[in-house]
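**Student:** sequence plus predicted model, see below.
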Amino acid sequence: MIDLQPHLPILQVVIPLLGSLLTAFIRRGTLSWLVTLIVTWTLPFIAVALFLQVQAAGAPIYYKLGNWEAPFGIVYKVDVLSAFMLCLVSGAAAVIMPFARKSVASEIDSHQQSWYYTMYLLCLAGLLGIIITNDAFNAFVFLEVSSLSTYVLIALGRHRRALVASYQYLIMGTIGATLYIIGVGLLYLLTGSLNFDDIAARLTSDLVWPLEPLLAALAFIFVGLSLKLALFPLHVWLPNAYAYAPSFATVFLAGTATKVAIYLLVRVMFEVFGVALTFDRLPVAEILIVLSVAAMFIASFSAVFEDNAKRMLAYSSVAQIGYITLGIGLFNQAGLTGAFAHVANHAVMKTALFLALGAAFYRIGSVRFSDLEGIGRRMPLTMGALVIAGIGLMGTPGTAGFISKWYLAMGALEAGSWLLVFLIVASSLISVIYVGKLVEVMWLRAPSPAAAEAKEAPLSMLVPLLLLAAATIYLGFDTRLTVDIGNQIATLLLGGLK
Amino acid sequence: MKLDLVLRVGTKILLPFILVFALYVQFHGDYGPGGGFQAGVIAAGMVILYAIIFGVNKAKHIVPQALVEAMIPLGVLIYAGTGTVSLLLGYNYLDYTGFAGDFLRAHEWGILIVELGVLVTVSGTMIAMFYAFAERGR
């Protein structure tokens, strides 16, 4: 028997890729779902094994594809940051799989269901690939793999506007990816390397680099990835894409896709260009903080005035991404800890919220507020879980959301800005309004005609939902998984400063 | 289409040469310019030319829709499968060293197989895209 231990990094990407091929050949909805289930439930074990391996070694793990030495060949690199992201994305993909079967069966035409799982696994392989690769161009390829499959996942929504939303995302996403590759091209022309570590080493060597193309490369990559991660005001594709995509696609993308773009941006800013170049030469920090605060307020206000629950939560996602980028813009220990704690916490909470709406959509076929009235009394468990996740989103003490906002506020204090602390708290109050609106509509009003006939969601949808709702509470008390690891990541990223 | 004698005969003469050229580009990919992608496009071009001159229905007799849809994942499977085989032989992913006793020969084989996968997927995708556009409005 071959020892698979050294090959775990590649298996993390190849297993979903092979799984997607298998589903493309099977062409039977339920059987494809089973294959996808097995594949996605294998991946978190690999991710956790990699994480433990990294923790034990205390140094990054490298994997040479085709045994070509870096920087000539593509090398995969797993450090604390990428291992954390691998666990998060593969975990999110695994948890929601039980939900997928009935949701996909009810929303996707039967002859397309198998393709749908193909696209899902391909997207997952792309996202995991972006996280694990240490090669700028390879990251671009994986970015395209995940994006192209995402466009399909969104376009298959039942609503006719899903096509338009997908097309809008396609244009914006392609512009983003193009800007990223222009930046990578400039870097390659300058340094002659595509390997992240190698570029970083060359940039910090004694050679004198022309500053202008370097800053142009940084600017291109920053704007390109900001488009992908839906940084305000480049977020306009996101609300429609999330609102009109099939429930399962929304559930998956809300927890993973934007987070992976954030990860790539952090990797490039901190590890390739380095803190000195990124934050001293260009006002990246100031831009990030201003746009983040704008996102926290303007997107939250947009959420308040939405009458479609999915769109409302999509705007809320833009606002929550603002918190994460705020922590990155602060670039101090507590801020980065908060940012990465929020990456995990927001993934848990938003996935739970969209799962609950997906279950409601499965029962009544709509997520408009007028149809959701009074549904809490008919689906108490589903909507109870939604309330818990919603409370977490507001940042109430005792939930996951509080922990990350606490550290973000600490980061703002560390940066000496009371104003930012005030703004974090004030924007949380707006989320109280829109979550409160959701709760009021669902629990306090008389059931609408559609909601009156709804039953509790099926068990396969309830289990992942309740699991994530429990995690929202659990992560509010046990912060080892989020804050401690976030702290390690912050130390790793700020290593260049000391 | 009955009157386009020159086009039809000309196409019939051209088709085998296009295929041979595709295979030339394919197998010379490791020595000269070319490789699986270019060869796949040329091979798909042959089918598309045939479909333009003789109609999509006749083209689908030769290259059925189901075959095209199977070719797309099959090529990726050949590629990813090659990597998996090298894993099973105890080497890194896509390290072809285990395919033959001689290091260079092993790598030559490995690249040929991988490029074959590229050819299959690219030509399948090209033909599928052409079919999809040709079918619109029918």
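**Tutor:** Great, that's in hand.
**Student:** from now on I want contacts and neighbour counts done on CA atoms only, so please keep to that.
**Tutor:** Fine.
**Student:** any weak-confidence spans in the chain?
**Tutor:** Using chain A here. A:1-2, A:496-498 (pLDDT under 70).
**Student:** try again with chain B
**Tutor:** Residue ranges of chain B with pLDDT under 70: B:1-3, B:137-138.
**Student:** from it, which residue is nearest to chain A?
**Tutor:** Closest residue of chain B to chain A, C-alpha to the nearest C-alpha: residue B:95 (3.7 Å).
**Student:** tally of neighbours for that residue?
**Tutor:** 24 (other C-alpha atoms under 10 Å in any protein chain shown).
**Student:** now it: how far from residue A:130?
**Tutor:** Note on residue B:95: its distance to residue A:130, by C-alpha to C-alpha, to the nearest Å, is 21 Å.
**Student:** check residue A:95 too.
**Tutor:** Here residue A:95 is placed at a distance of 21 Å from residue A:130 (C-alpha to C-alpha).
**Student:** neighbour count winner among the two?
**Tutor:** Between residue A:95 and residue A:130, residue A:130 has the larger neighbour count (other C-alpha under 10 Å), namely 29 against 21.
**Student:** confirm that one sits in a helix?
**Tutor:** Yes: assignment of residue A:130 by DSSP: H, G, I helix; E, B strand; the rest coil places it within a helix.
**Student:** contact residues of chain B facing chain A?
**Tutor:** Counting by C-alpha under 8 Å from any C-alpha of the partner chain, the positions of chain B adjacent to chain A are B:70, B:73-74, B:76-77, B:80, B:87-88, B:90, B:92-96.
**Student:** still on that earlier bit, pull the contacting residues for the residue of chain B closest to chain A.
**Tutor:** Going by C-alpha atoms under 8 Å, 6 or more residues apart in numbering or on different chains, residue B:95 touches A:65-67, B:83, B:86-87.
**Student:** excluding chain neighbours, what is closest to it?
**Tutor:** The spatially closest residue to residue B:95, leaving aside those adjacent along the chain, is residue A:66, at 3.7 Å (C-alpha to C-alpha, 6 or more residues apart in numbering or on different chains).
**Student:** backbone dihedrals for residue A:373, please?
**Tutor:** Here is the backbone geometry of residue A:373 (degrees, to the nearest 10): phi -50, psi 130.
**Student:** that one and residue A:452 touch, don't they?
**Tutor:** No: counting by C-alpha atoms under 8 Å, residue A:373 does not reach residue A:452; the two are 9.0 Å apart.
**Student:** between these two, who's got more neighbours?
**Tutor:** Set residue A:373 next to residue A:452 and count neighbours by other C-alpha under 10 Å: residue A:373 wins out with 25 against 17.
**Student:** contacting residues around the more buried one?
**Tutor:** A:441-443, A:445-448, A:451.
**Student:** try it again with 7 Å
**Tutor:** Contact analysis of residue A:373 by C-alpha atoms under 7 Å, 6 or more residues apart in numbering or on different chains lists A:441-442, A:445-448, A:451.
**Student:** count of neighbours near residue A:323?
**Tutor:** A total of 28 residues lie near residue A:323 under the criterion other C-alpha under 10 Å.
**Student:** where does it land in three-state SS?
**Tutor:** Reduced to three states by three-state DSSP, residue A:323 is helix.
**Student:** what is the neighbour count of whatever residue of chain A ends up closest to chain B?
**Tutor:** Using C-alpha to the nearest C-alpha, the closest approach of chain A to chain B is made by residue A:66 at 3.7 Å. Using other C-alpha under 10 Å, residue A:66 is surrounded by 19 other residues.
**Student:** assign it to helix, strand or coil.
**Tutor:** Classified using three-state DSSP, residue A:66 is helix.
**Student:** so it sits against residue B:98, correct?
**Tutor:** No: with contact defined as C-alpha atoms under 7 Å, residue A:66 does not count as touching residue B:98 (11.3 Å).
**Student:** by neighbours, which of the contacts of residue A:373 wins?
**Tutor:** Using other C-alpha under 10 Å as the neighbour criterion, residue A:442 leads those with 28 neighbours.
**Student:** quick one, helices of the stretch 101-250 of chain A?
**Tutor:** A:113-132, A:136-155, A:161-191, A:196-203, A:211-228, A:237-244, A:247-266 (DSSP state H, counting those that start in this stretch).
**Student:** would JSON lines of those with distance to residue A:312 be doable?
**Tutor:** Shown next, in JSON lines, are these (distance: least, C-alpha to C-alpha, whole Å):
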{"stretch": "helix A:113-132", "distance to residue A:312": "24"}
{"stretch": "helix A:136-155", "distance to residue A:312": "17"}
{"stretch": "helix A:161-191", "distance to residue A:312": "16"}
{"stretch": "helix A:196-203", "distance to residue A:312": "38"}
{"stretch": "helix A:211-228", "distance to residue A:312": "20"}
{"stretch": "helix A:237-244", "distance to residue A:312": "8"}
{"stretch": "helix A:247-266", "distance to residue A:312": "13"}
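**Student:** tell me the most buried of the ones you listed?
**Tutor:** Most buried of the helices of the stretch 101-250 of chain A, by mean neighbour count (mean count of other C-alpha atoms under 10 Å in any protein chain shown): helix A:113-132, with a mean of 27.
**Student:** from the contact counts, what lies against that one?
**Tutor:** helix A:8-26, helix A:29-57, strand A:75-78, helix A:80-95, helix A:136-155 (3 or more C-alpha pairs under 7 Å, 6 or more residues apart in numbering or on different chains; DSSP states H and E).
**Student:** and it with helix A:8-26, angle?
**Tutor:** Interaxial angle, helix A:113-132 versus helix A:8-26 (axes from the mean of the first three to the mean of the last three C-alpha atoms, to 10 degrees): 170 degrees.
**Student:** which residues touch helix A:113-132?
**Tutor:** Contacts of helix A:113-132 (C-alpha under 7 Å, 6+ apart): A:13, A:16-17, A:19-21, A:23-24, A:27-29, A:32-33, A:36, A:76-78, A:82, A:85-86, A:104, A:139, A:142-143, A:145-146, A:149-150, A:153, A:260.
**Student:** okay, now residue 103: neighbour count?
**Tutor:** Because you didn't say which chain, this covers chain A. Using other C-alpha under 10 Å, residue A:103 is surrounded by 21 other residues.
**Student:** that's the wrong chain, I wanted chain B
**Tutor:** 12.
**Student:** angles on the backbone of the residue nearest to it when sequence neighbours are not counted, please.
**Tutor:** With sequence-adjacent residues excluded and distances taken as C-alpha to C-alpha, 6+ apart, residue B:103 is closest to residue B:97, at 5.7 Å. Dihedral pair for residue B:97: phi -50, psi -30, per degrees, to the nearest 10.
**Student:** how far does the longest helix seen in chain B sit from its chain's centre?
**Tutor:** Criterion DSSP state H: the longest helix present in chain B is helix B:103-135. Centre-to-centre, helix B:103-135 and its host chain are 4 Å apart (C-alpha atoms, centre = their mean, to the nearest Å).
**Student:** pull out the buried residues from it.
**Tutor:** Within helix B:103-135, the residues that count as buried by 16 or more other C-alpha atoms under 10 Å in any protein chain shown are B:106-108, B:110-128, B:130-131.
**Student:** can you check stretch B:21-31 too?
**Tutor:** The neighbour-count check on stretch B:21-31 (16+ other C-alpha under 10 Å) flags B:22-23, B:25-29 as buried.
**Student:** how about residue A:215, what does it touch?
**Tutor:** Taking C-alpha under 7 Å, 6+ apart, one finds nothing in contact with residue A:215.
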